[in-house]
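> Build the 3D model from these lines:
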Amino acid sequence: MPKAIWKGTTLAESDNTVVVENNHYFPAESINKQYFKDSNTHTSCPWKGLANYYNIEVNGEVNKDAAWYYPSAKEKAKQIEGYVAFWKGVKVES
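From the prediction side, this is the model:
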């Protein structure tokens, strides 16, 4: 089962991830919300839409904008709408 891990802490775990552009997108209900803090960062993808970001905080350490999601994905990316993906040192293991 895919898991997203940072600093030895499991941030998300699910058998229902969707892989897009080599990123595992985890269902929103599979994330451990206590580690996620809303960020003011937004980026735009021509085919996925506008992404929102989370800062990850574990034991007082912050990984800025280490997770993102598309709250209102464009038509071609509807399968990942609301799902959360990771980067910046967050390891996804199967």
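
> give the contact list for the residue lying closest to S94 once chain neighbours are set aside.
Spatial nearest neighbour of S94, chain neighbours left out: P2 (5.2 Å); criterion: CB to CB, 6 or more residues apart in numbering. (C-beta placed from N, C-alpha, C; glycine too.) Residues counted as contacts of P2 (CB atoms under 8 Å, 6 or more residues apart in numbering) are E13, S14, D15, T17, H24, F26, V92, E93, S94.

> change it to 6 Å
T17, H24, V92, S94 (CB atoms under 6 Å, 6 or more residues apart in numbering).

> Most neighbours among those, which one is it?
Highest neighbour count within those: T17, with 24 neighbours (other CB atoms under 10 Å).

> Contact partners for that residue?
P2, H24, Y25, F26.

> Give the pairing partners of the strand or helix carrying the third one; include direction for each.
When elements are assigned from DSSP states H and E, Y25 belongs to strand 23-25. In the sheet, strand 23-25 lines up against strand 18-20 (antiparallel) (DSSP bridges).

> Relative to the whole chain's centre, how far out is the partner strand?
11 Å (CA atoms, centre = their mean, to the nearest Å).

> again, but for stretch 26-41
7 Å.

> Kindly report the same for stretch 27-42.
7 Å.

> Please apply the same query to stretch 58-72.
Distance, centroid of stretch 58-72 to centroid of chain: 7 Å (CA atoms, centre = their mean).

> can you check stretch 21-36 too?
The answer for stretch 21-36 is 4 Å, by CA atoms, centre = their mean.

> Can you report phi and psi for the residue nearest to S94?
Backbone geometry at P2, expressed as degrees, to the nearest 10, gives phi -60, psi 140.

> Could you check how far it is from V62?
24 Å (CB to CB, to the nearest Å).
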